[in-house]
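Asker: Make a model of this:
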Amino acid sequence: MSRQPFPFSAIVGQEAMKLAMVLTAVDPGIGGVLVFGDRGTGKSTAVRALAALLPEIAVVEGCPVNSARPQDCPPWAEVTSTRIVKRPTPVIDLPLGVTEDRVVGALDIERALTRGQKAFEPGLLARANRGYLYIDEVNLLEDHIVDLLLDVAQSGENVVERDGLSIRHAARFVLVGSGNPEEGELRPQLLDRFGLAVDVTSPRNIATRIEVIRRRDAYENAHDAFMRKWRPKDAALRKAILAARDALPTLKTPNTALHDCAALCIALGSDGLRGELTLLRTARALAAFEGTDTIARDHLRRVAAMSLSHRLRRDPLDEAGSGARVARVVTEVLP
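Answerer: Model (predicted):
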């Protein structure tokens, strides 16, 4: 039997990364998370842990695109069941070097050869619908796959027209990417598609590093006891995420919060309005997660860096980095 993923609640430190992932679980419309940092800082561990943390979703039994209702199942899938079942939220890996057919789907060769029928074999995008699509080393992804993901992320629909097939299906997913900036930069078009971006670094505190080692050792060598200890904490976090989802529709957004979003983005010189919209949406998710009924300025301050730092134009004269620039401007604009 395969070993359970490392518990999300047991991850030591990396608070910004964990908060960003929790907020996208509260509101998947935020648009995904990009985690950049050194090797061995828990990026992949956090994503695997997120899969076990996320609440189950209701899907039509046998539907290859995880449809919530029988009428949403695509005709080509030929789903006959109307039974609704619970399944774990999908977290699908998109490996480097993956082919386009593997991503979008292609002709089912076996069915074509054995039955002489043209049928569609769903790809990774179908499996990721209503879930998460994870790309490790996202900055090394081939350009044509990046272009494909950009199109689908924009439309929320996967369209395949080849080999005499014309197929459409829903493909709405939260994109999670991780990478090491030393191995290459991310294309600006894809960078802008991530709602949130965080940088992670190796802990410099001895006590923190010791705790990381202690927990990992317990996970490897006393697995059952370790999981029993942390499973209730993951369950409590899952319950808080569900409560926050329920609270989002009734959350109050005062005009002062809208003004703060606009003023901050103008001061930072961010292009377009995606920055304001993401900042507001992320602050709403944080307010709901913390059990308050109104967005406050403190919520905006705490999520400003992860919402805006990757949307800024580069300043060659500023060696502090975009995260420090956001923090500095937040102090000035949102005192």
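Asker: contacts and neighbour counts: CA atoms only from here.
Answerer: Will do.
Asker: Any regions of this structure where pLDDT drops low?
Answerer: Flagging of the chain using pLDDT under 70 yields the residue ranges 1-2, 107-119, 163-164, 313-321.
Asker: Helices along that one, start to end?
Answerer: All helices of the chain, identified by DSSP state H, fall at 15-26, 43-53, 100-104, 109-115, 124-128, 143-155, 188-191, 206-221, 223-247, 255-268, 274-289, 297-308, 322-333.
Asker: wait, which of those is closest to residue 162?
Answerer: Taking CA to CA as the criterion, residue 162 comes closest to helix 100-104 out of those, the separation being 10.1 Å.
Asker: Select, out of the helices of the chain, the one closest to residue 166.
Answerer: Nearest of the helices of the chain to residue 166, taken as CA to CA: helix 100-104 at 12.2 Å.
Asker: Restrict the closest one to CA atoms and write it as PDB.
Answerer: Presented in PDB, the C-alpha positions along helix 100-104 are these (Å, rounded to 0.1, in the frame of the first residue of the first chain):
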ATOM      1  CA  GLU A 100       0.600  17.700 -26.400                       C
ATOM      2  CA  ASP A 101      -1.600  14.600 -26.900                       C
ATOM      3  CA  ARG A 102      -1.000  13.500 -23.300                       C
ATOM      4  CA  VAL A 103      -2.100  17.000 -22.100                       C
ATOM      5  CA  VAL A 104      -5.200  17.600 -24.200                       C
END
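Asker: From the contact counts, what lies against it?
Answerer: The elements that helix 100-104 packs onto, with contact taken as 3 or more CA pairs under 8 Å, 6 or more residues apart in numbering; DSSP states H and E, are helix 124-128, strand 157-162.
Asker: Can you list the neighbours in contact with the longest one?
Answerer: In other words, strand 157-162. 104-106, 125, 152, 166-172 (CA atoms under 8 Å, 6 or more residues apart in numbering).
Asker: would CSV of the helices of the chain with mean neighbour count and distance to residue 181 be doable?
Answerer: Converted to CSV, those look like this (neighbours: other CA atoms under 10 Å; distance: least, CA to CA, whole Å):
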stretch, mean neighbour count, distance to residue 181
helix 15-26, 22, 16
helix 43-53, 21, 13
helix 100-104, 17, 25
helix 109-115, 12, 39
helix 124-128, 24, 26
helix 143-155, 15, 17
helix 188-191, 14, 13
helix 206-221, 14, 23
helix 223-247, 16, 31
helix 255-268, 17, 23
helix 274-289, 25, 22
helix 297-308, 22, 16
helix 322-333, 16, 14
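Asker: and the contacts of strand 157-162, which are buried?
Answerer: Taking 16 or more other CA atoms under 10 Å as the criterion, what is buried in those is 104-106, 125, 152, 167, 169-172.
Asker: So which residues make contact with stretch 215-235?
Answerer: Contact partners of stretch 215-235, identified using CA under 8 Å, 6+ apart, comprise 6-10, 53.
Asker: Can you tell me which of those are buried?
Answerer: Buried by 16+ other CA under 10 Å: 6-10, 53, out of the contacts of stretch 215-235.
Asker: Could you dump these into a markdown table and include distance to residue 63?
Answerer: Conversion of the buried ones among the contacts of stretch 215-235 to a markdown table gives the following (distance: CA to CA, whole Å):
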| residue | distance to residue 63 |
| --- | --- |
| 6 | 29 |
| 7 | 29 |
| 8 | 29 |
| 9 | 32 |
| 10 | 34 |
| 53 | 23 |
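Asker: out of the residues you listed, what pair is the most spread apart?
Answerer: 10 and 53, at 11.6 Å, using CA to CA across the buried ones among the contacts of stretch 215-235.
Asker: Find the residues that touch each one of the two.
Answerer: The contact lists of residue 10 and residue 53 share no entry, where a contact means CA under 8 Å, 6+ apart.
Asker: Among the contacts of strand 157-162, which one sits closest to residue 312?
Answerer: Distance to residue 312, by CA to CA, is smallest for residue 152 among the contacts of strand 157-162, at 24.1 Å.
Asker: what are the bridge partners for the closest residue in space to that closest one that isn't next to it in sequence, then?
Answerer: The spatial neighbour of residue 152 that comes closest, neighbours along the chain excluded (CA to CA, 6 or more residues apart in numbering), is residue 158 at 5.8 Å. With beta bridges defined as DSSP bridges, residue 158 has these partners: residue 169.
Asker: Quick check: the gap between residue 158 and residue 214.
Answerer: Spatial separation of residue 158 from residue 214 under the definition CA to CA, to the nearest Å is 44 Å.
Asker: and if you look at residue 152?
Answerer: Here the criterion is CA to CA. By it, residue 152 lies 42 Å from residue 214.
Asker: Many thanks, I have nothing further to ask.
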